[in-house]
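Visitor: Okay, here's the prediction I keep looking at, along with the sequence it came from:
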Amino acid sequence: MKTTKTEISHELLREVEEWIALDPDPLTARELQTWLDQGKALELKESFAGFLQFGTAGLRGPIGPGPARMNRAVVSRTAAGIAEYMQVRGLKSVVIGRDARHMSEEFTQESAEIFSGAGIRVSLLPRPLPTPILAFVLRHLGIDCGVMVTASHNPAADNGYKVYLGGTVDGVAYNGSQIISPADSQISSYIRSKNYSLPRGDSWEVLGDEVIEEYVSRTALLAGEARVVDDESRPIIVYSAMHGVGTSTVQAVFRAAGFSDPVLVAAQSEPDPDFPTVAFPNPEEPGAIDLSLELAREVNADLVIANDPDADRCAAAIVDDGYWRMISGDELGSLFAEYLASTQPRKFIDRSFANSIVSSSLLKKIAVRHGIDFKETLTGFKWLAKIPNLGFGYEEAIGYCVDPLTTNDKDGVSAAILLARVAGELKSRGSTIASYLSLINEKYGLHRTVQISIRVSKLSTIDDVLDRLRRVHPDAIGGVRVKRFDDLLHPTGSLPPTNGIRLYLAGDDNVDDVRVIIRPSGTEPKVKCYIEVVCKTATATDQKQADSLIEALTPALSGLFQ
């Protein structure tokens, strides 16, 4: 049934008219006026369902008019809120970067005008570039705050805002990493206090290519002395930027390192905000790297590397037992850790390896075996990057920090060049990444990990189920006995509280450990469950047993939320 203007409440009508009057973007103001004229109550209610939430990931949401969407009015208020947060703390400079999504350039311009109008010294990256370059520039130039206009690997309809801080703020050593609580809530309160009539300036500096070249030269050093020049041992690497901004930077780093250019997936190598070849621009998603695998077979490649659209994550695929397969985030994390610890032991004498609680327990075993300190954090690089003297950190969602002294955040470009180095060294010895992963399993035991996402109809369902589990600890999950129950809201160790549950289940035969972590998504009506099965050895029988346990646990965990 068609909506009519009479269905729009007086309160909503007044809010929409006030927004239109102060909207700095005539396009979104006109769209709202059209909706009013046509009586489109549903569209207006959705667009005015509260102000787009600002959290530890900054802003992220669909582009459109109104306070619940990403648009110039929302961005201007957000920039003004961040500017006030900075002024109160004596922070005087900001650098703004952007990817190539729809409206990224406009949101960058909007932000620059607002920061400049607030008296903040503003620098802009010269063009759409990877998020890791923003994190590098922030610390390299000693800038107080960084803003990256990006929605990372979200759908094409979205855009967003990542916020970084430079040095130590309110007692937290940020050193070029993403904000954490309470900075997010403090900025949010400043945003809520702003109206839309804000002072604007036109004074800012566009940074030159020399800062990008410095990032490239430092990142290329990760290739070490292992620059493969023998044609027979040079690895053939297929690369996809997933329609994002990674291609030119990855090519520049490979060339500076003395490596051959990767073979590009042409249909995905140039920035395209519509992401036309993928349903979801995340290399972890089924089908996202199909074009890469097709090209890899054509050119007889050794390795596929794919970044997400803002190039802060890195995915890989290899030939294993004659078939191409994706390497899991935990597998790649363990490969990096074992390689770094084995080849550069002195580098990590006074530094730490770290991963998030939902990542594999294998990293701790690698660190202990090599005499390296190990730390565990909550989920997200905003926590990993705060580890003092971090040497290497990763999270299972294909995020890796292999060079924290250059970029104190996950970096898909540096991960790509380090992986190319490993592939080249192995090929020169007649080996492969698949064989290297097998050796890790033989050395430490099989660690099989999987993540399942369960969508619920209401967000309240997740809290209801978690509360029920806290009240009545389950005796078994999927027929597997629960031997330990950890409520992460009330942690016993050094971790801060978080809304989640960790279960340790009884193994049998050769199964050492079964761990299950359940936590809300935080941004969607979904719950995420992380399963890890650890076997003492890594035989084919062990692999089947681990897979059988996972197959039993998956429907049982999903059933909890039905």
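Guide: That came in fine, so what should we check first? Residues are numbered from 1 along each chain as shown.
Visitor: Residues contacting the lengthiest helix in the chain, please?
Guide: The residue-count maximum for a helix in the chain (DSSP state H) belongs to helix 540-560. Contact with helix 540-560 is made by 446, 448, 450, 452, 454, 465, 469, 477-480, 505, 509-511, 514, 516, 518, 529, 531, 533, 535-536, as judged by C-beta atoms under 8 Å, 6 or more residues apart in numbering. Bear in mind the C-beta positions are built from the backbone N, C-alpha and C, glycine included.
Visitor: Just the buried residues of these.
Guide: 446, 448, 450, 454, 465, 469, 477-478, 480, 505, 510-511, 514, 516, 518, 529, 531, 533, 535 (16 or more other C-beta atoms under 10 Å).
Visitor: how about the CA coordinates for the helix or strand of the chain with the lowest mean pLDDT, as PDB?
Guide: None of the helices or strands of the chain scores lower by mean pLDDT, DSSP states H and E than helix 459-471, at a mean of 87. This file holds the C-alpha atoms of helix 459-471, laid out as PDB (Å, rounded to 0.1, in the frame of the first residue of the first chain):
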ATOM      1  CA  LEU A 459      19.500  -8.400  18.600                       C
ATOM      2  CA  SER A 460      17.900  -9.100  22.000                       C
ATOM      3  CA  THR A 461      18.000 -12.800  21.200                       C
ATOM      4  CA  ILE A 462      21.700 -12.900  21.500                       C
ATOM      5  CA  ASP A 463      21.800 -11.400  24.900                       C
ATOM      6  CA  ASP A 464      18.900 -13.600  26.000                       C
ATOM      7  CA  VAL A 465      20.800 -16.700  25.000                       C
ATOM      8  CA  LEU A 466      24.100 -15.600  26.500                       C
ATOM      9  CA  ASP A 467      22.400 -14.700  29.800                       C
ATOM     10  CA  ARG A 468      20.700 -18.100  29.800                       C
ATOM     11  CA  LEU A 469      24.000 -19.900  29.200                       C
ATOM     12  CA  ARG A 470      25.500 -17.900  32.100                       C
ATOM     13  CA  ARG A 471      22.800 -18.900  34.500                       C
END
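Visitor: For the closest residue to Lys458 other than its chain neighbours, give me its contacts.
Guide: Excluding the flanking residues, the one nearest Lys458 by C-beta to C-beta, 6 or more residues apart in numbering is Pro525, at 6.8 Å. Neighbouring residues of Pro525 by C-beta under 8 Å, 6+ apart: 455-459, 461-462.
Visitor: Where does pLDDT dip in the stretch 1-150 of the chain?
Guide: Residues of the stretch 1-150 of the chain meeting the criterion pLDDT under 70: 1-6.
Visitor: can you give me the strands in it?
Guide: Listed in chain order, the strands of the stretch 1-150 of the chain (DSSP state E, counting those that start in this stretch) span 59-62, 93-98, 121-124, 145-149.
Visitor: Tell me the strands beside the third one, with direction?
Guide: Here the strand partners of strand 121-124, with direction, are listed using DSSP bridges: strand 93-98 (parallel), strand 205-206 (parallel).
Visitor: And the first one, by the same measure?
Guide: The sheet places strand 59-62 alongside strand 158-165 (antiparallel), with pairing taken from DSSP bridges.
Visitor: could you give the angle of the partner strand to strand 145-149?
Guide: Strand 158-165 runs at 170 degrees relative to strand 145-149, counting by axes from the mean of the first three to the mean of the last three C-alpha atoms, to 10 degrees.
Visitor: Buried residues in strand 158-165, which are they?
Guide: Buried-residue list, strand 158-165, by 16+ other C-beta under 10 Å: 158-165.
Visitor: got it, and stretch 179-188?
Guide: Buried, per 16+ other C-beta under 10 Å, within stretch 179-188: 179-180, 183-184, 186-188.
Visitor: same deal with stretch 11-29?
Guide: Under 16+ other C-beta under 10 Å, the buried positions of stretch 11-29 are 16, 19-20, 23-25, 28-29.
Visitor: what's the farthest-apart pair in the residues you listed?
Guide: Largest separation among the buried residues of stretch 11-29 by C-beta to C-beta: Val16 and Pro24, giving 15.9 Å.
Visitor: about what we covered before: and of the buried residues of strand 158-165, the nearest to His102?
Guide: Looking across the buried residues of strand 158-165 and measuring by C-beta to C-beta, the closest to His102 is Asn159, at 6.6 Å.
Visitor: any low-confidence regions in this structure?
Guide: Short version for the chain, where the test is pLDDT under 70: 1-6, 225-232, 522-524.
Visitor: Pro235 and Leu426, how far apart?
Guide: According to C-beta to C-beta, to the nearest Å, Pro235 stands 8 Å off from Leu426.
Visitor: still on that earlier bit, tell me which of the buried residues of stretch 11-29 is nearest to Glu110?
Guide: Out of these, the member with the shortest distance to Glu110 (by C-beta to C-beta) is Pro24, at 7.2 Å.
Visitor: In helices only, show me the buried ones among the contacts of helix 540-560.
Guide: 465, 469.
Visitor: Counting neighbours, what do you get for Leu42?
Guide: Using other C-beta atoms under 10 Å, Leu42 is surrounded by 11 other residues.
Visitor: Residues touching stretch 250-260, excluding its own?
Guide: By C-beta under 8 Å, 6+ apart, the list of residues contacting stretch 250-260 reads 212, 216-217, 219-223, 227-229, 234, 237, 239, 241, 261-262, 307, 311, 413-414, 416-417, 420-421, 424.
Visitor: From the residues you listed, which land in strands?
Guide: Secondary structure defined by DSSP state E assigns 237, 239, 307 of the contacts of stretch 250-260 to strands.
Visitor: filter those to the buried ones?
Guide: Of the ones in strands among the contacts of stretch 250-260, these count as buried by 16+ other C-beta under 10 Å: 237, 239, 307.
Visitor: right, and the first one touches Val299 too?
Guide: Put plainly, it is Ile237. No: the criterion here is C-beta atoms under 8 Å, and Ile237 misses it with Val299 at 9.6 Å.
Visitor: List the ones among the buried residues of stretch 179-188 that fall in helices.
Guide: 183-184, 186-188.
Visitor: of all those, which comes closest to Gly171?
Guide: Taking C-beta to C-beta as the measure, Gly171 lies nearest Ala183 of those, at 11.1 Å.
Visitor: wait, doesn't that closest one sit right on Val169?
Guide: Yes: counting by C-beta under 8 Å, Ala183 does reach Val169; the two are 7.1 Å apart.
Visitor: mind listing what the closest residue in space to Leu293 that isn't next to it in sequence touches?
Guide: Take Leu293 and drop its neighbours on the chain: the residue closest to it by C-beta to C-beta, 6+ apart is Trp324, 5.1 Å away. If you count contacts by C-beta under 8 Å, 6+ apart, Trp324 has them with 293, 296-297, 304, 317-318.
Visitor: picking up where we left off before, same list as before, the strands of the stretch 1-150 of the chain that is, but in JSON lines and with distance to His490 included.
Guide: Output for these, formatted as JSON lines (distance: least, C-beta to C-beta, whole Å):
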{"stretch": "strand 59-62", "distance to His490": "29"}
{"stretch": "strand 93-98", "distance to His490": "38"}
{"stretch": "strand 121-124", "distance to His490": "44"}
{"stretch": "strand 145-149", "distance to His490": "34"}
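Visitor: Most tightly packed of the ones you listed?
Guide: strand 145-149 (a mean of 29; mean count of other C-beta atoms under 10 Å).
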